[in-house]
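[1] Sharing a model prediction with you, sequence too.
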Amino acid sequence: MAKLKITQIRSTIDRIESQKRTIKALGLGKLHRTVVHNDTPQIRGMVRAVLHLVTVEEID
């Protein structure tokens with residue numbers, strides 16, 4: 001199964017509460033923190049909601 005490498009590149013200060021909760025749910029919260037998740041529709045939807053705050057790479 002493919003995996004997604006997600007890195008937070010922008011702060012959640014002055015963002016709406018749902019975006020802050022999504023960042024926390026992804027396991028992020030500090031700048032330049034990176035997590036790896038399985039590539040599922042649920043994770044893709046969460047990433048789409050905060051795409052302006054993160055970078056995403058597909059890894060095998």
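    Cool, the structure landed. Numbering: from 1, shown residues only.

[2] Skip the chain neighbours and tell me the closest residue to residue 37.
    Take residue 37 and drop its neighbours on the chain: the residue closest to it by Cβ to Cβ, 6 or more residues apart in numbering is residue 43, 4.8 Å away. The C-beta positions use only the backbone N, C-alpha and C, and glycine is treated the same way.

[3] how many other residues sit next to that neighbour?
    Residue 43 is surrounded by 17 other residues when neighbours are defined as other Cβ atoms under 10 Å.

[4] Equivalent analysis for the one 3 residues further on, please.
    Other residues within reach of residue 46 by the criterion other Cβ under 10 Å amount to 19.

[5] so it makes contact with residue 24?
    No. When contacts are counted by Cβ atoms under 8 Å, residue 46 is not listed as touching residue 24 (10.6 Å).

[6] re earlier: pretty sure the residue nearest to residue 37 sits in a helix.
    Yes. Remark: residue 43 belongs to a helix, assigned using DSSP: H, G, I helix; E, B strand; the rest coil.

[7] contacting residues for it?
    Listed by Cβ atoms under 8 Å, 6 or more residues apart in numbering, the contact set of residue 43 reads 4, 26, 37.
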